[in-house]
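K.L.:
My questions concern the predicted model and sequence given below.
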Amino acid sequence: MEKIRKIFSDCRKYSVSLLLLFSSLTCFSQNFTTRVPDGIGMTDNYEHYVFMLNNEIRILSAMSFSNDTIHISPHIVNTFSKFLFKAVTTHELAHYYNYLLHGEIIKTDASKQEEQTNSYVDPVDWKTPPDLKKIVYKGGDGSSVKKAIVIKKTTTLKEGIAAEYAYLEKELGQRGIDWKLLGQYLNPDYGKRYDIIKVKIIDTNEIRYFCFDITGFFGKF
């Protein structure tokens with residue numbers, strides 16, 4: 001709770017609407033922390049998450065979630081860029097909403113979960129499913145940053161993130177049966193922007209990473 005109070009205190013310089021984004025996260029997540037996610041390190045100044053992929057260092061000055069825990073780096077907590085703060089927070093809300101939508105979190109109290117869902121605050125309209133027929137995938141196979149999958153013809157955050165999971169289902173099969181989402185990480189402000197999605201193949205327990213170039217739709221609500 002002390003960490004949460006610190007985060008809210010540091011973020012008072014932003015508008016009330018941005019604080020509501022954080023409060024909506026705490027409704028769902030059992031853990032909300034600046035602790036470094038598993039498999040990720042910190043830079044020497046303890047501001048940025050560092051993620052290694054195929055011997056490439058990706059600096060993650062962003063939020064991520066894994067195993068029902070939402071992580072926010074100190075850099076984002078203390079950033080002076082209102083756009084970056086809002087774009088990153090909303091982006092992670094969208095991924096976490098997708099995580100909940102597919103039932104990958106065990107709900108022990110259905111009535112409480114329904115109450116929390118009704119209080120959920122998100123600037124993205126999720127009531128209408130996005131049209132993915134126009135989406136085009138370019139680039140590589142997503143096995144590294146240099147071979148990132150580029151999502152084209154997206155106009156909003158909702159379309160872009162939905163397209164990421166549509167690609168995974170096309171490649172890996174049905175989510176929850178053939179593969180499971182383990183975590184998602186975001187690089188938001190170092191040139192191009194990338195989502196790195198970690199999955200487990202259920203039959204073989206193989207861990208795979210998929211890199212998506214999300215520069216085209218990042219921050220577009």
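P.N.:
In hand now; what should we look at? Numbers count the residues shown, from 1 in each chain.

K.L.:
Tell me the secondary structure at residue 98.
P.N.:
Classification of residue 98 using DSSP: H, G, I helix; E, B strand; the rest coil returns helix.

K.L.:
was I right about it contacting residue 161?
P.N.:
Yes: contact criterion CB atoms under 8 Å: residue 98 and residue 161 qualify, at 6.4 Å. Using the backbone N, CA and C atoms, a C-beta is placed for each residue, glycine as well.

K.L.:
When the two are compared, which one has more neighbours?
P.N.:
residue 161 (24 against 19; other CB atoms under 10 Å).

K.L.:
Name the nearest residue to the more buried one, sequence neighbours excluded.
P.N.:
Spatial nearest neighbour of residue 161, chain neighbours left out: residue 94 (4.8 Å); criterion: CB to CB, 6 or more residues apart in numbering.

K.L.:
where does the one you found land on pLDDT?
P.N.:
We have a pLDDT of 80 for residue 94.

K.L.:
Need the CA coordinates for the helix or strand encompassing it. PDB is fine.
P.N.:
For residue 94, the host element (DSSP states H and E) is helix 82-101. In PDB, the C-alpha atoms belonging to helix 82-101 read as follows (Å, rounded to 0.1, in the frame of the first residue of the first chain):
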ATOM      1  CA  LYS A  82       1.800  13.900 -19.900                       C
ATOM      2  CA  PHE A  83       1.300  12.300 -23.300                       C
ATOM      3  CA  LEU A  84       3.800   9.500 -22.600                       C
ATOM      4  CA  PHE A  85       2.200   8.800 -19.200                       C
ATOM      5  CA  LYS A  86      -1.300   8.600 -20.600                       C
ATOM      6  CA  ALA A  87      -0.200   6.600 -23.700                       C
ATOM      7  CA  VAL A  88       1.700   4.000 -21.700                       C
ATOM      8  CA  THR A  89      -0.900   3.600 -19.000                       C
ATOM      9  CA  THR A  90      -3.800   3.300 -21.500                       C
ATOM     10  CA  HIS A  91      -1.700   0.800 -23.600                       C
ATOM     11  CA  GLU A  92      -1.200  -1.400 -20.600                       C
ATOM     12  CA  LEU A  93      -4.800  -1.200 -19.600                       C
ATOM     13  CA  ALA A  94      -5.800  -2.400 -23.000                       C
ATOM     14  CA  HIS A  95      -3.500  -5.400 -22.700                       C
ATOM     15  CA  TYR A  96      -4.700  -6.200 -19.200                       C
ATOM     16  CA  TYR A  97      -8.300  -5.900 -20.300                       C
ATOM     17  CA  ASN A  98      -7.600  -8.400 -23.000                       C
ATOM     18  CA  TYR A  99      -6.000 -10.700 -20.400                       C
ATOM     19  CA  LEU A 100      -9.100 -10.500 -18.200                       C
ATOM     20  CA  LEU A 101     -11.400 -10.900 -21.200                       C
END
